[in-house]
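Trainee: 3D, please:
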Amino acid sequence: MASVEMTRHLFRFFPQLQDQKITVPAGSVANVIQAVESMAPGFSHYVLDERGALRRHVNLSINDSIVIDRKTLSDRVPEDGTLFIFQALSGG
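Mentor: Numbering: from 1, shown residues only. The predicted structure is shown next:
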């Protein structure tokens, strides 16, 4: 199983994910996000746009590596890996 961790601000929108260890089957980033969606309906709409690509304000990393494929989310999250989901900062 892969783990999913995210920044605390997401718990405001998805309180059912707070204070729990999120584990899902390993697979592509798209598969992992869909697994989180099944636990917290609406989650994928928050992090993905209408085409299923990663929204500009969201960054992902698998362990210590930034996810490269932001369009189809094909990067693989291994069995012992962790997908980190965090908000990108922008503005001035």
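Trainee: For the chain, just list every one of the strands.
Mentor: Using DSSP state E, the strands assigned to the chain run over residues 2-6, 22-24, 27-28, 58-62, 65-66, 76-77, 82-87.
Trainee: which helices and strands sit right next to the third one?
Mentor: For strand 27-28, the contact count by 3 or more C-beta pairs under 8 Å, 6 or more residues apart in numbering; DSSP states H and E identifies strand 76-77 as packing neighbours. All C-beta spots, glycine's among them, are computed from the backbone N, C-alpha and C.
Trainee: Just checking: what are the partner strands of the strand it packs on?
Mentor: Each strand paired with strand 76-77, and its direction, by DSSP bridges: strand 27-28 (antiparallel).
Trainee: Let me have the strands of the chain in TSV, extended by mean pLDDT and distance to residue 42.
Mentor: Formatted as TSV, the strands of the chain follow (pLDDT from 0 to 100; distance: least, C-beta to C-beta, whole Å):
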stretch	mean pLDDT	distance to residue 42
strand 2-6	96	14
strand 22-24	97	15
strand 27-28	97	21
strand 58-62	95	14
strand 65-66	94	25
strand 76-77	98	21
strand 82-87	94	14
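Trainee: Format those strands as CSV; extra columns: mean neighbour count and distance to residue 46.
Mentor: Output for the strands of the chain, formatted as CSV (neighbours: other C-beta atoms under 10 Å; distance: least, C-beta to C-beta, whole Å):
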stretch, mean neighbour count, distance to residue 46
strand 2-6, 18, 10
strand 22-24, 17, 15
strand 27-28, 15, 19
strand 58-62, 19, 8
strand 65-66, 10, 19
strand 76-77, 19, 19
strand 82-87, 18, 10
